[in-house]
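> missing the sequence, but the structure's below:
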């Protein structure tokens, strides 16, 4: 039995009415500023944008044409969407769709993508490698390589709650690995009973979600990867999933097998991120966050974007939307739910 209960509202907003715009949707991400989803059309080299208006996917349009191979994994960072295209990483401005650059990583098949701050981490599916790309100086290097005999590696997630990467595998009894940010070491967390995991996401309570091709289903795991719970069946090659929002939040599921996207609304109950307030670097005082550490403090959202930085020790909660954040200071970092 999982430690944290989850109430699910299954909201199937099948966008088949717009299926002429979808052709092998492989990855999906969310751009907060424009309130748009971005979807990779892996069969025709496009990135599609879509709005979710009152729970209905609307106004689908082509943001980018002619990406080239794929694209596969997408990652939104600020107003830029980064796309995996064959062995290259490509960047586009989200508001205009304009091309910003292409970077030859020298990989075989870039697939999964995530980021921490200014560093992008990308999986090379068949070569079983992870590359690290620096956004600021636009350089890359091999971050880590999985040992011989490992299955192909697929989706990747930066777990901001624990400052580590989580990677899912392909094939029978697909493993889930933890990769250290500090030294790039690889640790096997579990060998699952699943056949071929594609994507991985995490909600605002710290639970994980995986998309499985073997039985076309979505599973939820607690934050220690025990006792999987099947949430959703009858998908069709569910691919690179994405969670956004606070509590409730939305899990977006592209189905590459039937050119559709489903949304799963999730309310997680319980707070696995609670901490001993006596040891905390913050406290909540009515409408303010009181930061007890001196010096520069930074606050990141669940996507790893820096949303506040300063020396102040009293910050209005009105500056932030509801959701999960990470507060970092000179001494430590902590999680906070607003």
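On my side now, so go ahead. Note that the coordinates shown come from a computational prediction; the quantities given were computed from them, not determined experimentally. Numbering: from 1, shown residues only.
> Is residue 59 in contact with residue 50, as I believe?
Yes - counting by Cβ atoms under 8 Å, residue 59 does reach residue 50; the two are 6.7 Å apart. (C-beta placed from N, C-alpha, C; glycine too.)
> Please identify which of the two sits among more neighbours.
residue 50 (23 against 12; other Cβ atoms under 10 Å).
> pretty sure the more buried one is in a strand, no?
Yes - counting by DSSP: H, G, I helix; E, B strand; the rest coil, residue 50 is found in a strand.
> Would you agree it is in contact with residue 63?
No - judged on Cβ under 8 Å, residue 50 makes no contact with residue 63 at a distance of 9.6 Å.
> Now the common contact residues for those two.
residue 38 (Cβ atoms under 8 Å, 6 or more residues apart in numbering).
> in a strand, that's where residue 206 is, yeah?
No - going by three-state DSSP, the assignment for residue 206 is coil, not a strand.
> okay, now it: neighbour count?
Neighbours around residue 206, by other Cβ under 10 Å: 22.
> so residue 257, which of the three states?
Residue 257 is classified as coil under three-state DSSP.
> What about it, how many residues nearby?
Using other Cβ under 10 Å, residue 257 is surrounded by 15 other residues.
> Quick check: it vs residue 309, distance?
The gap separating residue 257 from residue 309 is 43 Å, by Cβ to Cβ, to the nearest Å.
> next one: residue 223
According to Cβ to Cβ, residue 223 and residue 309 sit 28 Å apart.
> same check, this time on residue 158
From residue 158 to residue 309 the distance is 19 Å (Cβ to Cβ).
> Residue 260 now?
40 Å.
> give me the low-pLDDT residue ranges for the protein?
Under the criterion pLDDT under 70, the flagged ranges of the chain are 1-20, 53-57, 269-281, 285, 292, 302-303, 330-333.
> and it, what are its domains?
6-268, 277-337 (automatic domain parsing).
> Burial-wise, tell me which of those domains comes out on top.
Burial of the domains of the chain is given as mean neighbour count (mean count of other Cβ atoms under 10 Å); domain 6-268 ranks first at a mean of 19.
> can you give me how far that domain is from the chain middle?
Domain 6-268 has its C-alpha centroid displaced from the chain centroid by 6 Å (Cα atoms, centre = their mean, to the nearest Å).
> mind starting the numbering at 777 from now?
Renumbered: residue one is now 777, and that last one reads domain 782-1044.
> is the nearest residue to residue 1076 once chain neighbours are set aside in a bridge, and if so with what?
The shortest distance from residue 1076 to any non-neighbouring residue, by Cβ to Cβ, 6 or more residues apart in numbering, is to residue 1102 (4.5 Å). Here residue 1102 sits in beta bridges with residue 1076, residue 1111, going by DSSP bridges.
> which ones are touching residue 1102?
936-937, 1075-1076, 1109-1112.
> Phi first, then psi, for the residue lying closest to residue 854 once chain neighbours are set aside.
Distance criterion Cβ to Cβ, 6+ apart; nearest residue to residue 854, sequence neighbours excluded, is residue 1081 at 6.9 Å. Dihedral angles of residue 1081 (phi, psi; degrees, to the nearest 10) stand at phi -80, psi 130.
> Residue 1081 contacts residue 851, doesn't it?
No - in this structure residue 1081 lies outside contact range of residue 851 using Cβ under 8 Å: 11.5 Å.
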